[in-house]
Structure formats: structure tokens, C-alpha cells
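Peer 1: Sequence first, then the predicted structure:
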Amino acid sequence: MNWLRRMMYGRYGYDQLSLFLFLAYFVLWVLSLFRPLWFLYWVGAALLLWSVYRVLSRRIDRRRAENARFMSLAGPVIRWFKMRRTIRRDREHCYFKCPNCGQYLRVPRGKGRITVNCRSCGISFEEKS
């Protein structure tokens, strides 16, 4: 195990983009098993090689910039899925979206009609919880 630590010293390692590339490779690999299309296999192999290259790269500043660009595109989608999961799991609260700024607001469930104050923009609106 120590040899792996020594080898990875000074290298970039995994981040969200590397994980996405690996998952895309895996999906394309599975699709190429069911539908024998040669280009799916090669596109997936290229994604895997790019992912490994990024993990082993010593150009940390460039890899961080690539990941920042990826997260600027994928971040809103990731936050949307996480919010949906939170809303589905939370049985004690209702979630409302502010009509002015779009901020999600959490209020106790079962209180009837309540006035909700947005902490972000200060607007007040009435909702049924």
C-alpha cells in the first residue's frame, strides 16, 4: 500500500470530472455488450484513458480548472437531484420555492396556512403546509 502512496504523491487524483468520465465509460461499456457497436467501445475506452490520465497527472492547476468548468455546468443538475432526494426523505417539513429569488424554503408540515419569509431576498408570501 505504501508504494501506491509514493506513486500518487504530487499527482492530481480523483475528482468529480474523473468520476463522471469513469461512469460514462462504464455505461458505454455495458451498452456495447448489449448492442455490439464498435464505436461505443472505443469512445468508452477513450473516456477511461482520459480519466486515468487526469488522475495520474502532475499538472494540478490545469486539472482543477477542468474540474471547475465541469462543475459550473454540472453543479446545478447535481444540486437539483440532491434537493429532490432531500425533499423525498424529509417527512416532517414542506419545501417551497421563493417566487422572487428561487431559494428553497423549509417549513414545518401540518401548520395550515402560514406566511413564509424568504431569508435570501426578504419577500413574504403565504403557503399551505
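Peer 2: Nice, thanks for sending it over. The structure presented is a predicted model; accordingly, all values stated were derived computationally and were not measured. Residues are numbered from 1 along each chain as shown.
Peer 1: packing partners for the strand or helix carrying V107?
Peer 2: For V107, the enclosing helix or strand under DSSP states H and E is strand 104-108. Other helices and strands packing on strand 104-108, by 3 or more C-beta pairs under 8 Å, 6 or more residues apart in numbering; DSSP states H and E, are strand 93-97, strand 113-117. From N, CA and C alone the C-beta is placed, and that goes for glycine too.
Peer 1: Kindly compare burial across those and name the winner.
Peer 2: Sort the helices and strands packed on strand 104-108 by mean neighbour count, taking mean count of other C-beta atoms under 10 Å, and strand 93-97 sits at the top with a mean of 15.
Peer 1: what about that strand, distance to the chain center?
Peer 2: With C-alpha atoms, centre = their mean, to the nearest Å as the basis, strand 93-97 stands 22 Å off its chain's centre.
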